[in-house]
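Asks: after the sequence you'll find the predicted model.
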Amino acid sequence: RLAGPAAAGDYALAAVLVGFLVPLAEAGLSQAVVQAREVRTEQLAALVWVNFGVGLGVFLLVLLGGPVLAHWYARPELAGLLTLMGVSLLITPFGVVQGAWLVRTMRFDIVARIEIFSWIGSSLAVVALAGQGWGPWAMAVGFLLRNGLATGACLWVSQLDLRLHRERDAAIGIGDDGSA
């Protein structure tokens, strides 16, 4: 009700397109992390940058195709909404691999907490911005914020895990290279 039907339609057009492109940009790399027999740290780091490269390519397509779609649908705001929501294609690659690692290591409780945290945070922002008259931009910011919060939380948890494992290994006398 706070955004109106035209604003909801503009957001829906952008959300369908970006919602389709986000899994495409992930290119199945998170599933590869979950299902691989063996995963080394170097592989995980490389996958983050491969995922970012694919996300960048898809974002550039959104950036170039946004004005064309806006003209096609005669909805000028659509190009900006696509660009704003498309920024998530540049952010999420940095959390996708860490999220997949959490799934691989069966840390489903943490995955669920990250999802709940990101949805609550973004929903509160959407309501506040819509109340201020932001229209479809409120929902687009919420989309970007949800992905940003989830990515940030995955990065934070993975850094915390890494630090705890190093402290544990140091306490029992295992070096960074795995030697005792």
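Replies: Great, that's in hand. Residues are numbered from 1 along each chain as shown.
Asks: let me know the helix or strand that residue 129 is in.
Replies: Remark: residue 129 resides in helix 108-131, with elements defined by DSSP states H and E.
Asks: relative to residue 8, how far out is the spatially most central residue of the chain?
Replies: Geometric centre of the chain, nearest residue: residue 92, 2.9 Å, by C-alpha atoms, centre = their mean. Counting by C-beta to C-beta, to the nearest Å, the gap from residue 92 to residue 8 is 24 Å. C-beta here means a position set from N, CA and C on the backbone, and glycine is covered the same way.
Asks: next: residue 134.
Replies: 13 Å.
Asks: which of those two has more neighbours?
Replies: Legend: neighbour count by other C-beta atoms under 10 Å for residue 134 and residue 8, higher for residue 134 (19 against 16).
Asks: burial count for the closest residue to that one other than its chain neighbours?
Replies: For residue 134, the nearest residue in space outside its immediate sequence neighbours is residue 141; the separation is 7.2 Å by C-beta to C-beta, 6 or more residues apart in numbering. Residue 141 has 20 neighbouring residues, counting by other C-beta under 10 Å.
Asks: tell me the pLDDT at residue 141?
Replies: If you check residue 141, the pLDDT there is 96.
Asks: residues in contact with it?
Replies: 84, 125, 126, 129, 134 (C-beta atoms under 8 Å, 6 or more residues apart in numbering).
Asks: need the strands for this protein, in chain order.
Replies: In the chain, no strands are defined using DSSP state E.
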